[in-house]
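In: curious how this folds, go ahead:
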Amino acid sequence: MTGVIAIARLELVGAARLRWVRLLTAAFGLLAGAAAYSAGAAGELSGADGFARTTLALVPVSLILIPLAAVILGVSGQADEGEPFLFGQPVARAAIVVGRWLGQTAALAGAIACGFGAGAAIVATGGGMDGWQGYLVFVGASIVLAAIFTSIAAAISASSGKRITALAIGTFAWFFSVLLYDGLALSLAGWLNGRVGGRVLLASIFANPADLVRIVMLRAAGTANVLGAAGEAWVRFLGGDSPANAIAAAALALWITAPLVVAASVLGRRDV
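Out: As a prediction, this is how the structure comes out:
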């Protein structure tokens, strides 16, 4: 654990010094503030709206920006030119993978917490504290989303020989997960028809971390029936609210750990 913590600190310091990570923090704050006031304008309010509508407005932004930032940071950190030196140290390769992942995730978590925290201050000042619990879950889910995609980036980097190749594969993975997957899942469900198609569509959520995090975010948003009949069907499909929450949490944990295991296994066999 000493080696993991040391590597995580080095990775965190390096990531925090990146200018684009600092700009990302500012962007999250500006987007949260803009979402609060735009939601208020949609409701014909004079100031910032409450946390529920602000959360709903921020969900699409979070699902697009955070995975992309995580992939870029993860590939850049896991596939840097310092590998031969670092791997020559008396540290297990699995510790290197986990330490880098922890540092990268901590850097993104700080950017997300600071940016959305600033937005939360604007919302609380202008719209009150109603729905703050859902907003807190949204911020936590955004951090989990960052952790998942930095983990995926670690597996991609370990499996690729060059950074440019890993970055291309990671970008495609982001594009597929965020933009392409839903269309393919809907097409498959439509082709199957009937109850089988519906069950396939509901189960397909677990095969895409972006979809799974979206469900968690929207369920926590605090707006009644935000997911409609599809959300109710998903909960019934999993056996109720408590089993659905437990299964979703287990699936998210698996999405974090499985790519890290793959990355450590691949690096353990690779000659660097």
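In: secondary structure element for residue 169, which one?
Out: Secondary structure from DSSP states H and E places residue 169 in helix 163-175.
In: next one: that helix to chain centre, how far?
Out: Mean C-alpha position of helix 163-175 versus that of the full chain (Cα atoms, centre = their mean, to the nearest Å) differs by 16 Å.
In: which positions within that helix qualify as buried?
Out: Neighbour counts over helix 163-175 (16 or more other Cβ atoms under 10 Å) mark 166-167, 169-170, 173-174 as buried. For the C-beta atoms, the positions are set from N, CA and C on the backbone; glycine is no exception.
In: and the next element down the chain from it?
Out: helix 181-192.
In: pLDDT of the helix or strand following that next one, averaged?
Out: Once the chain leaves helix 181-192, the next helix or strand it forms, by DSSP H and E, is helix 194-203. Average pLDDT, helix 194-203: 75.
In: quick one, what contacts residue 98?
Out: Counting by Cβ atoms under 8 Å, 6 or more residues apart in numbering, residue 98 makes contact with 4, 8, 260, 264.
In: and if we set it to 10 Å?
Out: 1, 3-4, 7-8, 92, 151, 154, 260, 263-264 (Cβ atoms under 10 Å, 6 or more residues apart in numbering).
In: got it, and residue 136?
Out: Per Cβ under 10 Å, 6+ apart, neighbours of residue 136: 51, 55, 116, 120, 220.
In: of these - the most surrounded one?
Out: residue 55 (31 neighbours; other Cβ atoms under 10 Å).
In: what is the lowest-pLDDT residue among the contacts of residue 136?
Out: When those are compared, residue 220 shows the smallest pLDDT, 73.
In: distance of the nearest residue to that residue once chain neighbours are set aside from residue 32?
Out: Among residues not flanking residue 220 along the chain, residue 137 sits closest, at 3.6 Å (Cβ to Cβ, 6 or more residues apart in numbering). Residue 137 sits 15 Å away from residue 32 when distances are taken as Cβ to Cβ, to the nearest Å.
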